[in-house]
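Participant: build me a structure from this.
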Amino acid sequence: MVLLAELTRHFETVRERGVHRAGTLAPWQLKRIDQRLADESRPVPSVSELASLCGIGRRHLMRAFKATRGSTVMEHVERTLFARAARMLGETSIPVKSLAVSLGYERQGSFSAAFRRRFGETPRDYRARASATTLSR
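Facilitator: Numbers count the residues shown, from 1 in each chain. Next up, the predicted model:
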């Protein structure tokens, strides 16, 4: 009975940790990446910084992330940053230029072009639409 109880406890612990396939990232590594991306007080992380957080090399992170999530690390970083940009445009009055710099863009024009590719409208138009939606509620 003791052996059965110990085996049950062991398998519950393994199940809680999540299944980890070879060549993919462990759940704790994905969590560290997402936590770092959520930290708005720091500049945008590099792939090298994210790899260091996970305790692996840069190239290994790129391969393992793609195998785990089906997209590249930089696509994930960009998706996260643009979600933050859209939220900030809708909730704050921070100038677009300041927002662009805080997201790692050197020029407002580069940010605006990338934002338009992703959302189909300029940051200014997005903010105006978000403001109008907020006011009509």
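Participant: for the residue nearest the centre of the chain, which non-adjacent residue is closest in space?
Facilitator: Closest residue to the average C-alpha location of the chain: residue 80 at 3.9 Å, with CA atoms, centre = their mean. Closest residue in space to residue 80, ignoring its immediate chain neighbours: residue 37 at 4.5 Å, by CB to CB, 6 or more residues apart in numbering. In this view, the C-beta of every residue, glycine as well, is placed from N, C-alpha and C.
Participant: and that neighbour, how many neighbours does it have?
Facilitator: 19 (other CB atoms under 10 Å).
Participant: quick check: pLDDT value at residue 19.
Facilitator: According to the prediction, residue 19 has pLDDT 55.
Participant: any figure for the gap between the residue nearest to the centre of the chain and residue 22?
Facilitator: Between residue 80 and residue 22 the computed distance is 26 Å (CB to CB, to the nearest Å).
Participant: biggest helix in the chain, by residue count?
Facilitator: Longest helix in the chain by number of residues (criterion: DSSP state H): helix 73-91.
Participant: now do it: everything it contacts.
Facilitator: Helix 73-91 is touched from outside by 33-34, 37-38, 40, 44-45, 47, 50, 61-62, 65-66, 69, 71, 94, 96, 99, 103-104, 111, 114-115, 118-119, 123, 126-127, 130-131, 134, with contacts defined as CB atoms under 8 Å, 6 or more residues apart in numbering.
Participant: that one: what's the following helix or strand?
Facilitator: helix 96-102 (DSSP states H and E).
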